[in-house]
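> below are the sequence and a predicted model; questions follow.
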Amino acid sequence: MANVSKDIPLAEITLRKYEKPYGDRRDIIKRLCLSIGLLQPGDSRDVIVDVFQTLLDSGKELECDEVVSCVIEARKKNNLPLVGIAPSNIRRQLRRLRELYLIEKVKNKYRITEKENINVIFEEKIEKFYLKSILSRVKEYFNAIK
């Protein structure tokens with residue numbers, strides 16, 4: 001039996017375009033998560049929205065347990081089902097946010113990267129660095145098949 005090569009991407013990002021932002025803060029953060037691939041369209045498991053909003057709104061560094069507590073409180077406040085709130089799942093969502101450079105972990109606490117404005121993080125970390133490197137490699141593939 002022949003070995004099958006598994007191509008594993010070095011980096012990936014999903015981008016979607018939605019209508020202009022409207023609605024309450026949670027709705028806007030949810031559409032942002034949809035726009036950058038952190039959430040899939042029609043996905044009812046949207047705890048990442050609450051995790052991200054918790055860190056955006058806290059303005060300080062939070063331990064994982066604090067994030068879990070804030071997420072539970074937020075979901076209760078918004079009358080949302082308490083699904084996806086297990087500490088292991090919250091840690092997974094925190095890792096996903098870290099992989100996109102939106103948050104960072106400093107001494108077992110999480111915060112918005114460098115306590116910077118989220119617009120600046122997008123421009124510097126995602127648009128100029130992450131996205132640029134992905135586009136550059138895709139162009140190399142297009143050039144290779146001329």
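Sure thing, it's come through.

> tell me how the chain divides into domains.
Listed domain ranges for the chain are 25-114, 116-146 (source: automatic domain parsing).

> residue ranges with poor pLDDT in this protein?
Applying pLDDT under 70 to the chain flags residues 1-5.

> all strands for it, in order.
103-106, 109-112 (DSSP state E).

> what does the first one contact?
If you take CB atoms under 8 Å, 6 or more residues apart in numbering as the criterion, strand 103-106 is touched by 52, 55, 61, 94, 97-98, 110-114. Glycine gets a C-beta too; all of them are placed from N, C-alpha and C.

> may I see the ChimeraX selection of the buried members of those?
Selecting only the buried entries of the contacts of strand 103-106 in ChimeraX, with 16 or more other CB atoms under 10 Å as the criterion:
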select :52,55,61,94,97,110,111,112,113
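
> R75: which of the contacts of strand 103-106 is nearest?
Of all the contacts of strand 103-106, F52 has the smallest distance to R75: 13.3 Å, by CB to CB.

> rewinding a little: the strands of the chain: which one's closest to S69?
Proximity to S69 (CB to CB) singles out strand 109-112 among the strands of the chain, at 13.2 Å.
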